[in-house]
Each structure stands twice: as structure tokens, then as C-alpha cells.
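S.K.: Provided below for reference: sequence and predicted model.
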Amino acid sequence: MPKPEKHVFVCVQNRPPGHPRPSCGQKNAAEVAEEFYWQLQQRQLFDKVAVSTASCFGPCSEGPSVLVYPEGVMYAQVSKDDVAEIFDQHLEQGEPVERLRMSAEFWG
């Protein structure tokens with residue numbers, strides 16, 4: 001298996017009802033992760049992009065959160081509808097999607 005150029009981590013952390021902190025899982029993160037896997041499959045970019053689910057990145061109020069390495073770009077409030085744009089612009093063309101970037105308040 002070739003080493004991918006980019007690795008996408010999608011937070012799918014879920015907390016129990018009544019927990020004082022929100023979680024990405026409560027904000028349709030599983031749907032976002034499924035769309036990343038679907039787009040990866042459709043585009044056949046297995047030699048360039050890896051997608052993994054992960055637990056909490058920290059800024060739970062801003063989720064669903066998506067983190068792309070090696071650049072260390074974190075996206076906030078990602079919806080299923082945003083995934084194709086992240087693939088088109090960032091993962092294939094190398095330009096982060098500025099409108100989705102996590103605020104410097106949460107991710108320097």
C-alpha cells in the first residue's frame with residue numbers, strides 16, 4: 001500500500017445524553033465520515049488520501065471537526081454537503097477551504 005499524501009481524521013466522538021459537553025457525534029459526524037469514505041471510493045484516491053475516524057479533538061462546540069494532515073488544517077462545523085468541496089479544493093488541489101477552517105480561538 002502506498003503512503004498517502006494526506007490523512008483525514010473525522011471526529012465521531014459521542015457522549016451520553018445529558019453530558020455537559022457537546023460532541024461531534026451528536027451533530028451528524030457519522031454522516032460526515034460516511035461521506036468522506038464514499039467520496040474516497042468514488043474518486044479512487046486510495047494512493048493519495050487516507051480517511052480515519054477519531055475521538056475528540058477538543059473544540060467540541062465547533063463540531064463536527066475534521067483534521068487534515070500533514071498540513072494540520074482543522075475544519076469546523078463540517079456537514080455532509082461540505083465533503084466534496086474539501087476533496088475538490090484541499091485534498092486534490094492543495095488549497096484549504098477557508099470558509100470551513102476552525103477559528104484561531106480554538107485551533108491556532
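M.R.: Looks like it came in fine.
S.K.: Over to residue 10: give its phi and psi.
M.R.: phi -110, psi 120 (degrees, to the nearest 10).
S.K.: just checking, it touches residue 34?
M.R.: No - counting by CB atoms under 8 Å, residue 10 does not reach residue 34; the two are 9.2 Å apart. Backbone N, C-alpha and C define where each C-beta goes, glycine included.
S.K.: what about the two, which has more around it?
M.R.: Legend: neighbour count by other CB atoms under 10 Å for residue 10 and residue 34, higher for residue 10 (26 against 16).
S.K.: For the protein, just list every one of the strands.
M.R.: 6-11, 49-54, 66-69, 73-75 (DSSP state E).
S.K.: Please name whichever of those strands is nearest to residue 39.
M.R.: Residue 39 sits nearest to strand 49-54 of all those, at 8.6 Å, using CB to CB.
S.K.: what's the spatially most central residue of the chain in contact with, if anything?
M.R.: Nearest to the mean C-alpha position of the chain, by CA atoms, centre = their mean, lies residue 66 at 2.2 Å. Residue 66 is in contact with 8-11, 32, 36, 74-75, 78, 86, counting by CB atoms under 8 Å, 6 or more residues apart in numbering.
S.K.: where in the chain is pLDDT low?
M.R.: 108 (pLDDT under 70).
S.K.: mind listing the helices for it?
M.R.: 29-43, 83-85 (DSSP state H).
S.K.: Could you give the number of residues near the residue lying closest to residue 8 once chain neighbours are set aside?
M.R.: Once flanking residues are discounted, residue 8 sits nearest to residue 51: 4.7 Å by CB to CB, 6 or more residues apart in numbering. Neighbour count of residue 51, defined by other CB under 10 Å: 22.
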